[in-house]
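# With the sequence up front, the predicted model follows.
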Amino acid sequence: MKDYLSLIVDVPKRSGSDTISDRNTARKVFRYYKFSAEILDLDKNLTKRFYLIHCVLSYKHQINANELEKYTKVTTELYVSLYHGIETIHTKRQIFSLNYLSKEEILEKIENLIKDFLINIANNSLPKFSINKRGGNFNTDYLKDSGFRMIDVVEASDVSLSHLPSLRKYTIMMVCLCHCYKLILMGKHSTKRDIYYSNVNLFVCQGYVDDCLANISCMLGVPRNSLNVLSSAKGLIYGCLKYTNQNNLTVNCYDQVTQIPSEIESIQIIQITARYILVIEKEAIFQRIAEHGFQEKLGHSLIITGKGFPDVNTRMLLNKICKHVSIPVFALVDADPHGIEIMFVYKFGSKSMSYEAEHLTCPSMKWLGILPKDIIGMRIPNRVLIPLSQNDNKKLLDLMNRPYVLQNKDYKEQINFLHESGLKAEIECLDSISHTYITDIYLPLKLRNGVWI
């Protein structure tokens, strides 16, 4: 150990992108290894050695041959232990989940946080919040039957008044906690935008409010809508569904196209006679299918659109319906990286929202179309196809490395085909055959013959 200390002492710090990158990588692995050592009771000396290796990585260009041999020996020993540690972590992992609690229980949790704040101030110590880090590879895991889920307490961060960069964040969290407490106590609801406009100078942008509310949700262990803070709804629904809304009024989605409500947790499903659900990426296609008598052509069904990338309310309603009744769910999206991404978000969720995935995902969803290989089968003319951009190819490579794609050969085949063809297609490309082709032929044949993934 002394030999390694001598490698670092009095070595001048060197700048440069490679050095900075090495240091950042080392820090990330060090945090994960430190967690491994703590929960598995591994050799604590290895943690110390890894810190030294982290320092050596920062100055690797100054290590001579003899020193490099020593460095390699310790590195090998460390990584063997680290490998076994990570394997054990994944067998012992605990999935983080949010629970619907009573009004009184949530208020008590907030009151306890305020009490801790006051006690710290009274004891001349600066208070802090400890928050699970959301998203990222270390804090999320992919489960085959439920999509991305957040792992409980793998990596946490402190938001403290003692740390200058987190002063604003701590203040915003306290202000948002007060807003939530008042709303829950009074039985009222508000939107994220309302909170933002209540103090624009403090919040600066709405992104701070969104991030803060997500942190509070994780910290209290309750879904965000339990804080009585709503997101603006944008999704639409139409078909064989009746439910009661927050005002105890009956809504019949068969009568007309209905906007998906904001207070999803308060609706009660009365009746659903649909034989399947069709989730559509685009509002224009949704409206066209709704107007062309799809119930007569496609059978009793329910169609939903999130108008592009889905909002939380649309995903939450779909999740609620799927838990209420077991019927097939299909996705109709563009045959391009963005459309495929949208379908995956509905089905598997996202890392950024993995803490609330239990209430947002629809693991049973099937990819009905437009499948990239459909383009060749239907002989869509090249004039209506669009070349893949550089960003499209980058997104496709990202999709190919997703765990659910790596484990599904059909997904891999379709995405590889799209990448190799160099062309993407929107749902509207079917209009090149006939304006009614999608409702009269494409969807009926797909559903009747079971052509989906």
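Great, that's in hand.
# Please enumerate the helices of the stretch 151-300 of the chain.
Applying DSSP state H, counting those that start in this stretch to the stretch 151-300 of the chain gives helices spanning 167-186, 192-198, 200-203, 206-220, 283-291, 294-298.
# how big is the angle separating the first one from helix 206-220?
Relative orientation of helix 167-186 and helix 206-220, computed by axes from the mean of the first three to the mean of the last three Cα atoms, to 10 degrees: 70 degrees.
# got a list of contacts for helix 167-186?
With Cβ atoms under 8 Å, 6 or more residues apart in numbering as the contact definition, helix 167-186 has outside contacts at 103, 106-107, 110-111, 113-114, 117, 127-129, 159-161, 188-190, 195, 198-199, 202-203, 208-209, 212-213, 215-216, 227-229. Yep, even glycine has a C-beta here, placed from its N, CA and C like the rest.
# Could you give the separation of that helix from the chain centroid?
Mean C-alpha position of helix 167-186 versus that of the full chain (Cα atoms, centre = their mean, to the nearest Å) differs by 24 Å.
# Show me what counts as buried in it.
Buried residues in helix 167-186, counted by 16 or more other Cβ atoms under 10 Å: 169-177, 179-181, 183-184.
# sorry, back to before: out of the helices of the stretch 151-300 of the chain, nearest to Glu413?
helix 283-291 (24.8 Å; Cβ to Cβ).
# which helices and strands does that closest one pack with?
strand 236-239, strand 276-280, strand 301-305 (3 or more Cβ pairs under 8 Å, 6 or more residues apart in numbering; DSSP states H and E).
# That helix to strand 276-280, inter-axis angle?
Following the same axes, to 10 degrees, one obtains 140 degrees for the angle between helix 283-291 and strand 276-280.
# Just the buried positions in helix 283-291, please.
Across helix 283-291, burial judged by 16+ other Cβ under 10 Å covers 283, 285-290.
# ok now that helix, how far from the chain's centre?
28 Å.
# Now that helix - C-alpha only, PDB.
What follows is helix 283-291, C-alpha atoms only, in PDB (Å, rounded to 0.1, in the frame of the first residue of the first chain):
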ATOM      1  CA  GLU A 283     -53.600  12.000 -33.500                       C
ATOM      2  CA  ALA A 284     -54.400  12.300 -37.200                       C
ATOM      3  CA  ILE A 285     -54.400   8.600 -37.700                       C
ATOM      4  CA  PHE A 286     -56.400   8.200 -34.500                       C
ATOM      5  CA  GLN A 287     -59.100  10.600 -35.700                       C
ATOM      6  CA  ARG A 288     -59.200   9.000 -39.100                       C
ATOM      7  CA  ILE A 289     -59.800   5.500 -37.600                       C
ATOM      8  CA  ALA A 290     -62.400   6.900 -35.200                       C
ATOM      9  CA  GLU A 291     -64.300   8.600 -38.100                       C
END
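# quick one: that helix to strand 301-305, angle?
Counting by the same axes, to 10 degrees, helix 283-291 lies at 160 degrees to strand 301-305.
# contacting residues around the closest residue in space to Ser432 that isn't next to it in sequence?
Nearest residue to Ser432 in three dimensions, chain neighbours excluded: Val384, at 4.7 Å (Cβ to Cβ, 6 or more residues apart in numbering). The neighbours of Val384, taking Cβ under 8 Å, 6+ apart as the test, are 425, 428-429, 431-432.
# same thing with Ser162?
126, 128.
# Next up, phi/psi of it, please.
phi -80, psi -10 (degrees, to the nearest 10).
# Distance of it relative to Met173?
15 Å (Cβ to Cβ, to the nearest Å).
# Would you state the helices of the stretch 301-450 of the chain in chain order?
In the stretch 301-450 of the chain, the segments counted as helices under DSSP H, counting those that start in this stretch are 312-324, 337-348, 372-377, 390-400, 403-406, 409-421, 437, 443-449.
# TSV for those helices, including distance to Met150 and mean pLDDT?
As requested, those are exported to TSV (distance: least, Cβ to Cβ, whole Å; pLDDT from 0 to 100):
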stretch	distance to Met150	mean pLDDT
helix 312-324	16	93
helix 337-348	13	95
helix 372-377	32	87
helix 390-400	20	92
helix 403-406	15	89
helix 409-421	23	93
helix 437	43	89
helix 443-449	35	90
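# is it possible to export these to CSV including distance to Leu98 and mean neighbour count?
Below are the helices of the stretch 301-450 of the chain laid out as CSV (distance: least, Cβ to Cβ, whole Å; neighbours: other Cβ atoms under 10 Å):
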stretch, distance to Leu98, mean neighbour count
helix 312-324, 12, 20
helix 337-348, 18, 22
helix 372-377, 36, 16
helix 390-400, 27, 14
helix 403-406, 22, 16
helix 409-421, 28, 16
helix 437, 43, 15
helix 443-449, 35, 15
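# could those go into a markdown table alongside distance to Leu360?
Putting the helices of the stretch 301-450 of the chain into a markdown table (distance: least, Cβ to Cβ, whole Å) gives the following:
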| stretch | distance to Leu360 |
| --- | --- |
| helix 312-324 | 4 |
| helix 337-348 | 9 |
| helix 372-377 | 26 |
| helix 390-400 | 19 |
| helix 403-406 | 15 |
| helix 409-421 | 20 |
| helix 437 | 33 |
| helix 443-449 | 26 |
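# CA atoms only for stretch 119-127 - export them in PDB, please.
Written as PDB, here are the backbone C-alpha positions of stretch 119-127 (Å, rounded to 0.1, in the frame of the first residue of the first chain):
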ATOM      1  CA  ILE A 119     -34.300  19.600  14.900                       C
ATOM      2  CA  ASN A 120     -31.200  20.000  12.800                       C
ATOM      3  CA  ILE A 121     -31.500  23.800  12.900                       C
ATOM      4  CA  ALA A 122     -32.000  23.700  16.700                       C
ATOM      5  CA  ASN A 123     -28.800  21.600  17.000                       C
ATOM      6  CA  ASN A 124     -26.800  24.100  14.900                       C
ATOM      7  CA  SER A 125     -26.400  21.500  12.100                       C
ATOM      8  CA  LEU A 126     -27.400  22.000   8.500                       C
ATOM      9  CA  PRO A 127     -30.300  19.700   7.400                       C
END
